[in-house]
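*Asks:* The following block contains a protein sequence and its predicted model.
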Amino acid sequence: MRPISRRQALLLGGVGAAATAAGGAGLIWSLSSRPGPTGGGELVQPDELRSDAGQLQVRLEAAPAQVQLGGRQVSALGYNGSVPGPTLRLKPGDTLKIGLANNLSQPTNLHVHGLHVSPEGNGDNVFVAVGPGSTFDYEYRLPAGHPPGVYWYHPHHHGMVADQIFAGLFGAIIVEDPEPIEASTERVLVVSDTAVDGLGNIRPASAMDRMAGREGDLLLVNGQSSPRFSARPGQRERWRIVNACVARYLRLRLDGQQLQLLGMDSGRFQEPRQVEELVLTPGNRADLLVTTAAGESVLRAFRYNRGNMGGMMGQGPFGPPFGPPFGPTEQADGAALALFRVSGEAATPPGALPAQAAPGDLRLATVAAHRQINLAAGMGMGAAGMMRFTINGREFDPARTDTTAAAGTVEEWTLTNSSTMDHPFHLHVWPMQVIRDNGVDLSLPDWLDVVNVPANGRVTVRVAFTDFRGRSAYHCHILDHEDLGMMGAIEVR
């Protein structure tokens, strides 16, 4: 397996080489998945709800549920009794109406991650709290030119985000292409992880897990462990991959198959990029074309070292890797996510891909403001009596607005990370164009809504505050860190 370069990592998954090269003592992948995908069963797609005549109206019930996770019965949380929840399919210009019913024992709410929609009122407003036994009617109006791609939804009630997602509350959103892309099959692959105790309950995170960012020992695709699926040679499949893990980075390979990346997050490339490896930080998504070749291929997740807590604790590396360690086979071969079998009569070659519009480019735009956003973690008493997780030296306060931007302007933000762990930075509503990586200008306009900021590194982005005004948020997408205070509020007016 060839190592991934820093440049490739940033282009393909918003990732920096500082973490890739950080060494074996850091917070590395730690799975108990089997070396081979035995007994996984056929891949099951989540239920699907499609818009009609410009509208999709759905009811999502967040509630405890008995579900099959990794082939065993688990007491989890689910939307409409399933993990993942239903996939919502929309078109640019559609209106999405979601009636969220909270049948949990704690408050919750809903965030439509990556959608470019209003954050005000009953839009993508993460400051709304939906209490136990209550309902809330959300309404999201997608602009006519909304970027196509794969998005997702999940809770965002501060302090409870990691727990609720780790227990099963998440689902995919697809925004269709204005001109369809020919594919024999389209698959939604929602990758998540969790931890289950001997009684079939979701295991709560320890204080150490929360400070590190929890990584469960059960790694799942659509709630299944090592599922299998098949195709004929010469087909073009489209895979929509969501990293719904609380803290785990997904470093993915599918050797033996031809992979073309259409785009990441809400970004779409003008030309598909041939890739061998993808790195998805927590919250990232990939829109991938797979042109099939005969044989068996395993979708594998390899280690990604995202740093360590040693420098933050004033001592050496903070304990062993979290969760059960890799075995020798897994260290060499990665953890098997799914088995893909390609056999039978060759299919007719697919047609040419439709031309894609050139992505927007803010590099020549007039910049109204330059800001520095510093992500830090270290000594001191923070939330819940743990170490402090801050942005620009402050923990999140819902009553405080940290950043005010003028509607219709472009700003340049330098995202710095003064800690010894990577932090994936997520901005709601308005996507970010990556401009500069540790001082090196990038030649291509890549758009992401989750950008990895490597340990002791920096990334420069530009943001166009178009279409919407209102108050929203930015935060670390290691969701335990968000819950512990690494979040800020932004108001565009």
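*Replies:* Okay, I see it. Numbers count the residues shown, from 1 in each chain.
*Asks:* where do the helices sit along the stretch 301-450 of the chain?
*Replies:* Remark: helices assigned in the stretch 301-450 of the chain by DSSP state H, counting those that start in this stretch are 310-313, 328-333.
*Asks:* what's the least confident stretch among the ones you listed?
*Replies:* If the helices of the stretch 301-450 of the chain are sorted by mean pLDDT, helix 328-333 sits at the bottom with a mean of 45.
*Asks:* how near is the closest residue to A294 other than its chain neighbours to P445?
*Replies:* Leaving out its chain neighbours, the residue that sits closest to A294 by C-beta to C-beta, 6 or more residues apart in numbering is P233, at 4.5 Å. Glycine gets a C-beta too; all of them are placed from N, C-alpha and C. According to C-beta to C-beta, to the nearest Å, P233 stands 35 Å off from P445.
*Asks:* Give the residue from these two that has the larger number of neighbours.
*Replies:* P445 (18 against 15; other C-beta atoms under 10 Å).
*Asks:* dump the residue contacts of the more buried one.
*Replies:* Contacts for P445 were tallied using C-beta atoms under 8 Å, 6 or more residues apart in numbering; they are P359, G360, D361, L362, R363, Q433.
*Asks:* Repeat the analysis, applying 7 Å as the threshold.
*Replies:* When contacts are counted by C-beta atoms under 7 Å, 6 or more residues apart in numbering, P445 touches P359, G360, D361, Q433.
*Asks:* Ok, I174 next?
*Replies:* T87, R89, V150, R240.
*Asks:* Quickly find the element holding the third one.
*Replies:* Of the helices and strands defined by DSSP states H and E, V150 is found in strand 149-154.
*Asks:* The second one now?
*Replies:* Mapping R89 onto the secondary structure by DSSP H and E places it in strand 87-90.
*Asks:* Check which helices and strands that strand sits against.
*Replies:* With contacts taken as 3 or more C-beta pairs under 7 Å, 6 or more residues apart in numbering; DSSP states H and E, strand 87-90 sits against strand 48-50, strand 55-69, strand 171-175.
*Asks:* list the helices and strands the first one packs on?
*Replies:* With contacts defined as 3+ C-beta pairs under 7 Å, 6+ apart, strand 48-50 has these neighbours: strand 55-69, strand 87-90.
*Asks:* Kindly recompute the last result at 10 Å.
*Replies:* Applying 3 or more C-beta pairs under 10 Å, 6 or more residues apart in numbering; DSSP states H and E, one finds that strand 48-50 makes contact with strand 55-69, strand 87-90, strand 171-175.
*Asks:* With just CA atoms, put the longest one into PDB.
*Replies:* As requested, the backbone C-alpha atoms of strand 55-69 are provided in PDB (Å, rounded to 0.1, in the frame of the first residue of the first chain):
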ATOM      1  CA  GLN A  55     -41.500  19.000  -1.500                       C
ATOM      2  CA  LEU A  56     -40.600  16.300   0.900                       C
ATOM      3  CA  GLN A  57     -42.500  16.100   4.200                       C
ATOM      4  CA  VAL A  58     -41.400  13.500   6.800                       C
ATOM      5  CA  ARG A  59     -41.800  12.700  10.400                       C
ATOM      6  CA  LEU A  60     -38.700  11.600  12.300                       C
ATOM      7  CA  GLU A  61     -39.200  10.100  15.700                       C
ATOM      8  CA  ALA A  62     -36.100  10.000  17.900                       C
ATOM      9  CA  ALA A  63     -36.600   7.200  20.400                       C
ATOM     10  CA  PRO A  64     -35.000   4.200  22.000                       C
ATOM     11  CA  ALA A  65     -35.100   1.200  19.700                       C
ATOM     12  CA  GLN A  66     -34.200  -2.500  19.700                       C
ATOM     13  CA  VAL A  67     -32.100  -2.900  16.500                       C
ATOM     14  CA  GLN A  68     -29.700  -5.300  14.900                       C
ATOM     15  CA  LEU A  69     -26.200  -3.800  14.900                       C
END
